[in-house]
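# Sequence and predicted structure are below.
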Amino acid sequence: MTTGTPPLPKAELHLHIEGTLEPETVFELARRNDVALPYSGVEDLRARYDFSDLQSFLDVYYANMAVLRTRDDFAELASAYLRRCPGQGVRHVEMFFDPQAHTSRGVPMADVVGGLTDAIDAHAGDVSAGLILCFLRDQPAADAEATLRAAEPYLDRIVGVGLDSAEVGHPPSGFAGVFERARGLGLKPVAHAGEEGPPSYVREALDDLGVLRVDHGIRAIEDDDLVARLRRDRTPLTVCPLSNVRLGCVPGIGLHPLPEMLAAELMVSVHSDDPAYFGGYADDNYTAARDGLGLDAEQLRTLAGNSFEASFLDSSAREGFTEEVRRWRP
Ligand code: ADE
Ligand code: ZN
């Protein structure tokens, strides 16, 4: 927390690395790569970050990615993020990346993965990190298949696959085939579901994709049977309070369902999603949960403990971090 004491140790499991592209970096990379931007300056760009829903965010998010062109660009993006991790108490990151948003612009998969792993290796002494390749659910499933094939040479550096982008109208079931293949390759499956979409999408993610974690999942709370199933199976839900407020998925921080999810004994943890766009990194989301939702230190420790338990770290690393969480005092 931002109280002068060391921040609560945590794992960041719901973080889109492209969502850490800060406005200043958009302009710096645009200059370097000679990319024309439709904004007059950083303040003009920031003024566009007044989102009405997920799609209004995604429009700006994908447009800004045009500045990411080279392996070094991806390395600098990820390095800038990883440098922030110790100050946010983040000990381990499983970062999403959206290869289709880059390969569709002619950036080779080798440069995307190569740049991100250059940064991960350079910061390995401070924070451990893995990659989760996300398929864009508003693109055809055949494109997801081609993306998985293009990623095959790099699978030793990729821990899992995810599903993101515009949710409503793009249910998980359409991606059952590519997820089955990914699972067969040893990749851990996760998916965004129940962010804007209905509880049935969460059920499909579990049944049709075999996910080990649900990203967001806040709308699961609308369905008692689903809540009972998630509680019984201890299915992790990676919840992003500041994102949910900024995208209008909840009407305000005080009305976020996180306390209700904790009371229902769901396996929730707190994350930042796209921090450069939503006003806060990992610990800032914990601060929002404390100040905006009134969570106490014990509840914050539960969230942080869950983040390690839900991670794809091996059991001894998970236990070591969980012990650090138990010892943390605000
Ligand atoms: N891609 C980046 N952020 C996302 C979000 N919050 N939901 C779906 N796709 C995303
Ligand atoms: Zn997300």
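Okay, I see it. Residues are numbered from 1 along each chain as shown. Ligands and ions are numbered 1, 2, ... in the order given.

# so where is the protein shaky, pLDDT-wise?
1-3 (pLDDT under 70).

# can you rerun that using 80?
1-4 (pLDDT under 80).

# Can you tell me which residues in it are near ligand 1?
16, 19, 54, 61, 164-165, 192, 195, 243, 273-274 (Cβ under 6 Å from any ligand atom). Placement of C-beta: from N, CA and C, glycine included.

# can you list these in TSV and add neighbour count?
TSV is the format used below for the residues of the chain next to ligand 1 (neighbours: other Cβ atoms under 10 Å):
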residue	neighbour count
H16	23
G19	22
L54	22
Y61	21
D164	24
S165	20
H192	28
E195	24
S243	28
D273	28
D274	23
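
# Can you list which of these are found in helices?
Members of the residues of the chain next to ligand 1 lying in helices (criterion: DSSP state H): 54, 61, 243.

# For the last one, list the residues it contacts.
With contact taken as Cβ atoms under 8 Å, 6 or more residues apart in numbering, S243 is in contact with 249, 272-274, 278.

# partner residues bridging whatever residue of the stretch 101-250 of the chain ends up closest to ligand 1?
Minimum separation of the stretch 101-250 of the chain from ligand 1 (Cβ to the nearest ligand atom) falls at D164, amounting to 3.5 Å. D164 has these beta-bridge partners by DSSP bridges: L136.

# isn't it right up against F96?
Yes - D164 is in contact with F96 according to Cβ atoms under 8 Å; the separation is 6.6 Å.

# Mutual contacts of the two, please.
16, 134.

# do you know how far D118 is from E76?
9 Å (Cβ to Cβ, to the nearest Å).

# Equivalent analysis for A263, please.
The value you get for A263 to E76, if Cβ to Cβ is used, is 42 Å.

# Give me the more crowded residue out of these two.
E76 (19 against 10; other Cβ atoms under 10 Å).

# element containing that one?
For E76, the element it lies in under DSSP states H and E is helix 71-84.

# Can you mark which positions in that helix are buried?
71, 73-82 (16 or more other Cβ atoms under 10 Å).

# other SSEs contacting the helix or strand following it?
Next helix or strand after helix 71-84 toward the C-terminus (DSSP H and E): strand 90-97. Where contact means 3 or more Cβ pairs under 8 Å, 6 or more residues apart in numbering; DSSP states H and E, strand 90-97 is packed against strand 10-12, helix 71-84, helix 109-122, strand 128-136, strand 158-164, helix 315-327.

# relative orientation of strand 90-97 and helix 109-122 in degrees?
Angle, strand 90-97 to helix 109-122, by axes from the mean of the first three to the mean of the last three Cα atoms, to 10 degrees: 180 degrees.

# Centre of the chain to strand 90-97, how far?
Distance of strand 90-97 from its chain centroid, counting by Cα atoms, centre = their mean, to the nearest Å, is 8 Å.

# Just the C-alpha atoms of it, please, in PDB.
Provided in PDB are the C-alpha atoms of strand 90-97 (Å, rounded to 0.1, in the frame of the first residue of the first chain):
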ATOM      1  CA  VAL A  90       4.900  -7.300  -7.600                       C
ATOM      2  CA  ARG A  91       7.100 -10.300  -7.300                       C
ATOM      3  CA  HIS A  92       5.800 -12.400 -10.200                       C
ATOM      4  CA  VAL A  93       4.000 -11.400 -13.400                       C
ATOM      5  CA  GLU A  94       2.200 -13.500 -16.000                       C
ATOM      6  CA  MET A  95       1.800 -11.000 -18.700                       C
ATOM      7  CA  PHE A  96      -0.700 -11.100 -21.600                       C
ATOM      8  CA  PHE A  97       0.400 -10.100 -25.100                       C
END
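
# how far off strand 128-136 does that strand point, in degrees?
Using the same axes, to 10 degrees: strand 90-97 against strand 128-136 is 20 degrees.

# now, which of the ones in helices among the residues of the chain next to ligand 1 sits nearest R234?
The shortest approach to R234 among those belongs to S243, at 23.3 Å (Cβ to Cβ).

# now that closest one: how far from D215?
10 Å.

# burial count for the residue nearest to V245 when sequence neighbours are not counted?
Nearest residue to V245, sequence neighbours excluded (Cβ to Cβ, 6 or more residues apart in numbering): I253, at 5.3 Å. Residues near I253, counting by other Cβ under 10 Å, number 16.

# Contacts only, for I253.
Here I253 is in contact with 241-242, 245, 288, 292-293 (Cβ under 8 Å, 6+ apart).

# what's D121 in contact with, if anything?
Applying Cβ under 8 Å, 6+ apart, no residues contact D121.

# ditto for P241
Counted by Cβ under 8 Å, 6+ apart, P241 has contacts 253, 256, 258, 270, 285, 288-289, 292-293.
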